[in-house]
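# no sequence on this one, just coordinates:
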């Protein structure tokens with residue numbers, strides 16, 4: 001392997017076709033790739049990852065919050081591809097956008113720092129939320145847009161990274177993050193149905209949170225009753 005080729009530390013996700021597509025693109029562009037496949041929240045990084053040094057870190061749908069000591073080892077850029085627009089930093093972004101009856105959604109590429117979804121924004125792509133959208137349909141469209149954005153970045157940094165990133169910073173200089181990043185606990189609170197509740201409010205929660213294996217629920221006397229929708 002040519003030691004002069006740019007090094008990329010890529011964080012993807014297990015059972016994610018888009019992560020596999022990105023990995024292939026990186027290899028096709030002749031980067032020296034170190035790949036970490038994220039499986040669950042709370043994973044610990046091994047020393048071979050923590051000791052990495054190179055030009056780029058790319059994060060795509062990863063569960064891992066990177067330590068700042070590792071982020072700083074990227075000589076050119078550490079970039080996260082966030083599955084939401086800057087109005088929705090953190091977790092549960094799609095859920096809160098649907099709950100807010102937002103008219104548009106999007107994806108964001110940004111430089112990483114010690115905080116979640118806080119670094120300099122490099123690119124934003126927005127698209128409409130349709131009236132019939134639910135969590136699953138909006139997730140699918142979001143992941144498609146996020147993949148296209150990531151592949152575009154790989155193409156750009158493979159040709160002239162400094163020029164490409166400077167142009168992205170200039171293009172996105174007016175975009176700002178909106179508030180603190182939400183946490184998983186915030187999403188869990190959104191999924192909890194409190195009684196009594198109106199039909200409109202119930203349907204609002206269902207639209208914003210219902211997805212197979214992770215439905216909203218009612219809690220009574222220490223028991224959780226999960227919603228099941230017959231098809």
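Sure thing, it's come through. What you see is a predicted model; the values in this text were computed from it and never measured.

# what is the mean pLDDT for the longest helix along the chain?
Longest helix of the chain, by residue count under DSSP state H: helix 135-159. Mean pLDDT, helix 135-159: 97.

# same thing with stretch 117-127?
Stretch 117-127 comes out at a mean pLDDT of 97.

# From start to finish, how long is stretch 176-185 in a straight line?
With Cα to Cα, to the nearest Å as the measure, stretch 176-185 spans 24 Å from end to end.

# Tell me the helices and strands packed up against the helix or strand hosting residue 49.
Per DSSP states H and E: residue 49 is located in helix 47-50. Judged by 3 or more Cβ pairs under 8 Å, 6 or more residues apart in numbering; DSSP states H and E, helix 47-50 is in contact with helix 68-71. In this view, the C-beta of every residue, glycine as well, is placed from N, C-alpha and C.

# one step back: could you point out which element follows the longest helix of the chain?
helix 161-171.

# which residues touch residue 9?
34, 36, 49, 52, 54, 56-58, 70, 74 (Cβ atoms under 8 Å, 6 or more residues apart in numbering).

# Same list (those) but as CSV, adding neighbour count, secondary structure and distance to residue 137.
What follows is these, written out as CSV (neighbours: other Cβ atoms under 10 Å; DSSP: H, G, I helix; E, B strand; the rest coil; distance: Cβ to Cβ, whole Å):
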residue, neighbour count, secondary structure, distance to residue 137
34, 15, strand, 34
36, 20, strand, 30
49, 16, helix, 35
52, 17, coil, 37
54, 18, strand, 37
56, 22, strand, 32
57, 25, strand, 31
58, 26, strand, 27
70, 19, helix, 35
74, 22, strand, 35
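
# which residues touch residue 86?
By Cβ under 8 Å, 6+ apart, residue 86 lies in contact with 108, 121, 124, 175-178.

# Quick one: mark the members of those residues that sit in strands.
When these are checked against strands (DSSP state E), the matches are 108, 121, 124.

# just checking, the first one touches residue 126?
No: counting by Cβ atoms under 8 Å, residue 126 is not a contact partner of residue 108; they are 9.6 Å apart.
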